[in-house]
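Engineer: My questions are about this predicted structure, shown below with the sequence.
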Amino acid sequence: MKIIGTGSAVPSLTVTNDDLATFLDTNDAWITTRTGIQARHLLSSEDLYDLAVDAANKAISASGLRPDQIDFLLVSNVANRHITPGLSCIVQKRIGLSCAGLDINVACAGFVNALMLADSMIKAGHAKNILILCAEEPTKYCNWNERDCSVLFGDGAGAVVLTEGGAFKDVKLTMISDRDVLYYERGMETTPFEQHYVKGQPLVMKGKELFKTAVTESAKDIQNVLDYNHLTSDDIDWFLLHQANKRIIEGIRHIIGGPEEKYPTVIEKYGNTSSASIPIMLDEMLRANKIKAGDKIIMSAFGAGFVSAACLWEWEV
Ligand code: UT7
């Protein structure tokens, strides 16, 4: 398959590190040096569904296809205010689609996992043109009285339209069951028979542990993809990595190799937008004409689970 259109959308409200320091015990110097984040966009007047529709419409318009030519909608989302129906059902009509769809939750690795599914569906002949939409509002599950998680995240949506082609070369998915390092537990209704009632609580994160696992596992996934395809980091033009922490990206780069310029970032502007982070960055790079036909690209992401994934492209236009 190949990507023929991308789109992205972030909320209109920009919140800087200094803005956060007005109500949290934090400061711009700490956040910038420890994470690389300078600002993030937070949902205020819009809702996640508006962002999702905006990003999807932009991707379809860039693809040159009509909405009725999209024959499957794959949505990646960790949580939104609807447990059911899925986000794909909620936005399908507003995007002007009539095709079937599916929601996946593989945390921040959702985009790369969705690419694997799209590739398999296209190869199996189940669909010709697929829209992947990653729409996330992680700021809605942080505890805003605490500085540990709330400074890291931003809201956003990124979308791509895929069709038949030979650009997508390989993908590697990893899952290591370990809930405790990063989780968000929702409270559910209780029944007269319930013996294990769990009250919901905001996102819990063991930052240091997660940092180390992220660097090690992402680097492993990337190296596996490189080795399997008889490539070295010198052969790769771009490493588009999940934007969780600039120091994690640096850690991965030190293992894999290559100059900083091959590891672009948008984390300064958007923070960690979960599974939307890679498609948002890809959209910005394509619109700035940075990616050319023939470029070899590695994408790699990790998140709650612990899950991680990497894939290889040789860009086709
Ligand atoms: O998509 C996946 C989601 N999450 C991640 O990938 C997160 C992975 N982990 C990380 O990015 C980093 O571990 C963090 C950014 C979360 C934390 O950075 P760190 O360098 O591991 O800091 P730390 O937790 O070791 O804390 C160092 C100090 C502590 O103070 P003391 O004990 O040295 O006095 C913290 O209390 O920094 C303090 N601190 C803060 N200070 C100002 C922690 N958070 C903040 C804050 N502002 N927001």
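Structural biologist: On my side now, so go ahead.
Engineer: Who are the contact partners of residue 198?
Structural biologist: Under the criterion of C-beta atoms under 8 Å, 6 or more residues apart in numbering, the neighbours of residue 198 are 185, 187-188. Just so you know, the C-beta spots here come from the backbone N, C-alpha and C atoms, and that holds for glycine as well.
Engineer: now with 10 Å?
Structural biologist: Remark: with contacts taken as C-beta atoms under 10 Å, 6 or more residues apart in numbering, residue 198 is in contact with 185-188, 190.
Engineer: quick one: contacts for the residue nearest the centre of the chain?
Structural biologist: The C-alpha lying nearest the average C-alpha coordinate of the chain belongs to residue 275 (C-alpha atoms, centre = their mean; 1.7 Å). By C-beta under 10 Å, 6+ apart, the residues touching residue 275 are 75-78, 104-114, 132-136, 138, 156-158, 242, 301, 303.
Engineer: is it true that it lies in a helix?
Structural biologist: Yes - assigned with DSSP: H, G, I helix; E, B strand; the rest coil, residue 275 falls within a helix.
Engineer: what is the mean pLDDT for the longest helix along the chain?
Structural biologist: Looking only at the chain and at elements set by DSSP state H, the helix with the highest residue count is helix 207-228. For helix 207-228, the per-residue pLDDT values average out at 98.
Engineer: Which positions in that helix come out as buried?
Structural biologist: 210-211, 213-215, 217-223, 225-226 (16 or more other C-beta atoms under 10 Å).
Engineer: Could you do stretch 233-251 as well?
Structural biologist: Judged by neighbour count using 16+ other C-beta under 10 Å, the buried positions of stretch 233-251 are 233, 236-246, 248-249, 251.
Engineer: now swap in stretch 139-159 and tell me
Structural biologist: Applying a neighbour-count criterion of 16+ other C-beta under 10 Å, one finds 139-142, 147, 149-159 buried in stretch 139-159.
Engineer: if you look at the contacts of residue 275, which of them are in strands?
Structural biologist: Assigned to strands by DSSP state E, the following of the contacts of residue 275 qualify: 75-76, 104, 132-136, 156-158, 301, 303.
Engineer: tell me which parts of the stretch 1-150 of the chain are close to the ligand?
Structural biologist: Residues of the stretch 1-150 of the chain lying close to the ligand (C-beta under 6 Å from any ligand atom) are 26, 30-31, 34-35, 108, 147-148.
Engineer: Just the closest of those to residue 281, please.
Structural biologist: Among those, residue 108 lies closest to residue 281 (C-beta to C-beta), at 12.9 Å.
Engineer: can you tell me which residues contact that closest one?
Structural biologist: 76, 78, 134, 136, 138, 182, 214, 242-244, 272-278, 301-305, 307-309 are the contacts of residue 108 under C-beta under 10 Å, 6+ apart.
Engineer: let's see it at 8 Å
Structural biologist: In this structure, residue 108 makes contact with 78, 242, 244, 272, 274-275, 277, 301-304, judged by C-beta under 8 Å, 6+ apart.
Engineer: Out of the residues you listed, grab the one that's most surrounded.
Structural biologist: Counting by other C-beta atoms under 10 Å, residue 275 has the largest number of neighbours within the contacts of residue 108, with 33 neighbours.
Engineer: Please report the distance of it from residue 17.
Structural biologist: When distance is defined by C-beta to C-beta, to the nearest Å, residue 275 is 24 Å away from residue 17.
Engineer: Check which helices and strands the one helix or strand residue 239 maps to sits against.
Structural biologist: Under the criterion of DSSP states H and E, residue 239 resides in strand 238-241. In this structure, strand 238-241 packs against helix 246-256, helix 277-287, strand 296-303, with contacts taken as 3 or more C-beta pairs under 8 Å, 6 or more residues apart in numbering; DSSP states H and E.
Engineer: give me that answer again for 6 Å
Structural biologist: Applying 3 or more C-beta pairs under 6 Å, 6 or more residues apart in numbering; DSSP states H and E, one finds that strand 238-241 makes contact with strand 296-303.
Engineer: and the angle from the strand it packs on to helix 246-256?
Structural biologist: The directions of strand 296-303 and helix 246-256 differ by 130 degrees, with axes from the mean of the first three to the mean of the last three C-alpha atoms, to 10 degrees as the criterion.
Engineer: quick one: is strand 296-303 near the ligand?
Structural biologist: Yes - using C-beta under 6 Å from any ligand atom, strand 296-303 reaches the ligand at residue 303.
Engineer: Which elements pack onto that strand?
Structural biologist: The helices and strands touching strand 296-303, judged by 3+ C-beta pairs under 6 Å, 6+ apart, are helix 207-228, strand 238-241, strand 305-314.
Engineer: could you dump that strand to PDB, C-alpha only?
Structural biologist: Written as PDB, here are the backbone C-alpha positions of strand 296-303 (Å, rounded to 0.1, in the frame of the first residue of the first chain):
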ATOM      1  CA  LYS A 296      13.200   5.300   3.200                       C
ATOM      2  CA  ILE A 297      11.300   5.900   6.400                       C
ATOM      3  CA  ILE A 298      11.100   4.100   9.700                       C
ATOM      4  CA  MET A 299       8.100   4.800  12.000                       C
ATOM      5  CA  SER A 300       8.100   3.500  15.500                       C
ATOM      6  CA  ALA A 301       5.800   4.000  18.500                       C
ATOM      7  CA  PHE A 302       5.300   2.700  22.000                       C
ATOM      8  CA  GLY A 303       2.700   3.000  24.700                       C
END
